[in-house]
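Engineer: Next input, structure requested:
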Amino acid sequence: MVFFGEYQVNLSGAGRFLLPKRIRELLKGNTFILTKGFDGSLSGYDKEDWEKRATDLLNPPLLQPVDLKERREIFSALNYLEIDDQGRFVIPKNLLVYASLSNEAVIIGVGDHFEIWSPEKWREYNKKNKNKA
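Structural biologist: I've put the predicted structure just below:
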């Protein structure tokens, strides 16, 4: 499974978004994982793939402050979300606030996962990184 593409989506009420069909088709079942990502985005994972990754995240020693900080960030914000029959899902309020999402979002494929960005943050990120290679 390889997530790819860039999709503009609109909010259809109370944090409800339509997950693009090309992203949905790569998920096994109607449940996926959503948590805080990098640069103010949200990261989405296939449930089965996430559960394999979680094992790797738990392998570093618990007493390392950096590892504990990362675990807190990822696991405290992590949600198992269900996609309804129309392909919609609801982003919890804490994640909406974290990602500055309101009426619109940009969903991008990043290979092994997908990200959800506010359009403003996505434009800023692209502008900032345009000339970096």
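Engineer: the helices in this protein, which residues?
Structural biologist: With DSSP state H as the criterion, the chain has helices at 21-24, 47-58, 65-77, 93-98, 119-129.
Engineer: Which of those sits closest to Ile108?
Structural biologist: Among the helices of the chain, the nearest to Ile108 by CB to CB is helix 119-129 (7.6 Å). The C-beta positions use only the backbone N, C-alpha and C, and glycine is treated the same way.
Engineer: Now tell me what touches the closest one from outside.
Structural biologist: Gln8, Asp39, Gly40, Ser41, Ala99, Ser100, Glu104, Ala105, Val106, Ile108, Trp117 (CB atoms under 8 Å, 6 or more residues apart in numbering).
Engineer: picking that back up, ranking the helices of the chain by mean pLDDT, which is last?
Structural biologist: Here the lowest mean pLDDT among the helices of the chain goes to helix 65-77, at a mean of 77.
Engineer: helices or strands next to that one in the packing?
Structural biologist: Helices and strands touching helix 65-77, as assessed by 3 or more CB pairs under 8 Å, 6 or more residues apart in numbering; DSSP states H and E, comprise strand 31-36, helix 47-58, helix 93-98.
Engineer: again, only using 7 Å
Structural biologist: strand 31-36 (3 or more CB pairs under 7 Å, 6 or more residues apart in numbering; DSSP states H and E).
Engineer: so what's Trp117 up against?
Structural biologist: Ser41, Ala99, Ala105, Val106, Ile108 (CB atoms under 7 Å, 6 or more residues apart in numbering).
Engineer: residue contacts, the last one?
Structural biologist: Residues in contact with Ile108 (CB under 7 Å, 6+ apart) are Glu6, Phe114, Glu115, Trp117.
Engineer: If I look at the second one, what pLDDT would I see?
Structural biologist: Looking at Phe114, its pLDDT is 97.
Engineer: I'd like to know how far it sits from Leu58.
Structural biologist: For Phe114, the distance to Leu58 equals 23 Å [CB to CB, to the nearest Å].
Engineer: which one of the two has more residues nearby?
Structural biologist: Per other CB atoms under 10 Å, whichever of Phe114 and Leu58 has more neighbours is Phe114, with 28 against 11.
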